[in-house]
Structures are given as C-alpha cells and as structure tokens.
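Peer 1: What follows is a predicted protein model with its sequence.
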Amino acid sequence: MLGAVLYGQEDLRLESVADPIADSQEIIIQVGVATTCGTDLKVWRRGGHARMLRPPTLFGHEAAGRIVAIGKDVQGWQIGDRVVANNSAPCMKCFFCQRQEFSLCPNLTWNNGTFAEYLKIPAQIVKHNLLAIPDHLPDALASMTEPLACVLHGVSRSNIKQGDRVVVIGDGAIGLMFVAAI
C-alpha cells in the first residue's frame, strides 16, 4: 500500500509499505478520508513527538474509513462498518484513569498512520475509542471527530455560562468549532 512516512524534521515521503495485519483484538480500516491536524503540522515541522510517535513511522492521526479486517477476538464490529478511530485511548487502570482524567493517562495507546491506504487500529482504541459513523454523515465530516471532541471538552471545562461574552482568537478549524459550539 502507499503511505506517508515521517523520517524527521520536514521529511515526509510517500512510499510503498507493507499492508497492516490485525492481531486478535485489532481491526484494519480502509481509509476513506484523512485530515491534517495542527498537531500533524507541528510534528512535521519538529520531526517527531515525544509521546505520540518516533520517526520513521507512518504519519497522520485523524481519519474515517471502512472496516476491511477484524481480529478473531473483536466483538461488536463487522467488515464494512464505517468508523472513526480516535487518535488515542487510555489504559483505564492508572491513577488518572481511575479519576476519569483520561487525557492525563501516562500509558496512552496512540493511533498513527492515517495518511495511508489502510490503517491498523490498536486493541485499546478498538475497545474504547472506535466510533460508528451514521449513514447520513460523510467521511469528510466524520474525520473531524477528534478535533470536535477536543473543542467540546474545552467548552465543558471552561465554565462558560449562557449570556457570557467570550473571545475566540483564531479562525482555524478549532476556533470555528468553538464558535459553533458556544
């Protein structure tokens, strides 16, 4: 398959790489749409990310697609289901997970490689952060699930009340989602 491989700072190459194979608790999706996040831009400029990935590696972490292979122990999903696999999943066992502070989990499982024809979804993400795409929702909108989740989490943590005045600085995708959400 073709995939975008990050080798280092501003060094991203389109290459032929091996098709992924699902382990017993993983799935493989055929990527329908992959979007570029601000984090992707920062990682490309810096040449890596201390927690999320280390080059050389397949690149990208936001996508929507269709399941094409399922591990033998995966339940609740079928080949052909349209899904969004969010970019990480917590361990559900550590101190922070027990307090439901999932974004602070030191053992996050990451999902990278969306800029490819196929993507292997790690078991922890299949278990906790794989979402079905409704029939009426196009892949292009569904692929924005992760940034929208960040916005909704930010709104819920901001203590904004009805009637408050707020300023959103920046009119990128996240800024515009904040405007729509509040």
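Peer 2: Structure received.
Peer 1: all contacts plus neighbour counts: C-alpha atoms, from now on.
Peer 2: Fine.
Peer 1: Can you tell me the centre-most residue of this protein?
Peer 2: Central residue check for the chain by CA atoms, centre = their mean: the C-alpha nearest the mean position is that of Asn87, 2.6 Å away.
Peer 1: now the longest helix anywhere in the chain: how far from the chain's centre is it?
Peer 2: Of all the segments of type helix in the chain, defined by DSSP state H, the longest one is helix 145-158. When distances are taken as CA atoms, centre = their mean, to the nearest Å, helix 145-158 is centred 14 Å away from the chain's centroid.
Peer 1: Output the contacting helices and strands for it.
Peer 2: For helix 145-158, the elements it packs on are helix 173-181, judged by 3 or more CA pairs under 8 Å, 6 or more residues apart in numbering; DSSP states H and E.
Peer 1: And the helix it packs on, what's buried?
Peer 2: If you call a residue buried by 16 or more other CA atoms under 10 Å, then helix 173-181 has these buried ones: 174, 177-178.
Peer 1: Sketch out the strands for this structure, chain order is fine.
Peer 2: Taking DSSP state E as the test, the strands found in the chain are 2-8, 11-16, 27-35, 57-58, 62-70, 82-85, 88-89, 109-110, 118-121, 130-132.
Peer 1: can you list these in CSV and add mean pLDDT?
Peer 2: Written out in CSV, the entries for the strands of the chain read as follows (pLDDT from 0 to 100):
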stretch, mean pLDDT
strand 2-8, 97
strand 11-16, 97
strand 27-35, 97
strand 57-58, 95
strand 62-70, 97
strand 82-85, 96
strand 88-89, 94
strand 109-110, 94
strand 118-121, 97
strand 130-132, 97
